[in-house]
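> build me a structure from this.
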Amino acid sequence: MEQQLKKRIRKDLRQFNTKMIQTKPKEEKLSADTKKVISDKQKLERDTEEFKNMERQLKKTIRKDLRQYNTKMIQNKPKEEKLIADTKKVISDKLKL
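Below you'll find the model as predicted:
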């Protein structure tokens, strides 16, 4: 009886978590091409010239991808701040009424 109750509580908590607590999907910082280069590099032997060249190329593409991601985030930031400011204004106007 006690175990059934525990199972029921766990089941209800899981359902609550899936329904009520929604998480944002994680944004991908690296492009598909970069991920492909990473998987190709993992297949190579470490002490070869090809591996060193692949590693240099990989570092460059990672830097480029991160720079693009950060630039995109910075460009979206003013839009988000404006939305927050507009929302605060609407709420304060309604509270005054």
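> burial count for residue 41?
16 (other CB atoms under 10 Å). Every residue, glycine included, has its C-beta placed from N, CA and C.
> now find how far off-centre the helix or strand of the chain with the lowest mean pLDDT is within its chain.
Ranked by mean pLDDT, DSSP states H and E, the weakest helix or strand in the chain is helix 2-20, scoring a mean of 82. Distance of helix 2-20 from its chain centroid, counting by CA atoms, centre = their mean, to the nearest Å, is 28 Å.
> just stretch 66-75 next, same as before
On CA atoms, centre = their mean, the centre of stretch 66-75 falls 13 Å from that of its chain.
> how about residues contacting that stretch?
27, 29-30 (CB atoms under 8 Å, 6 or more residues apart in numbering).
> if we go to 6 Å?
residue 29 (CB atoms under 6 Å, 6 or more residues apart in numbering).
> let me know the secondary structure of the residue nearest the centre of the chain.
A centroid search over the chain (CA atoms, centre = their mean) returns residue 26, at 2.3 Å, as the residue closest to the centre. With DSSP: H, G, I helix; E, B strand; the rest coil as the basis, the three-state label of residue 26 is coil.
> where's it relative to residue 69, distance?
Distance of residue 26 to residue 69, computed by CB to CB, to the nearest Å: 12 Å.
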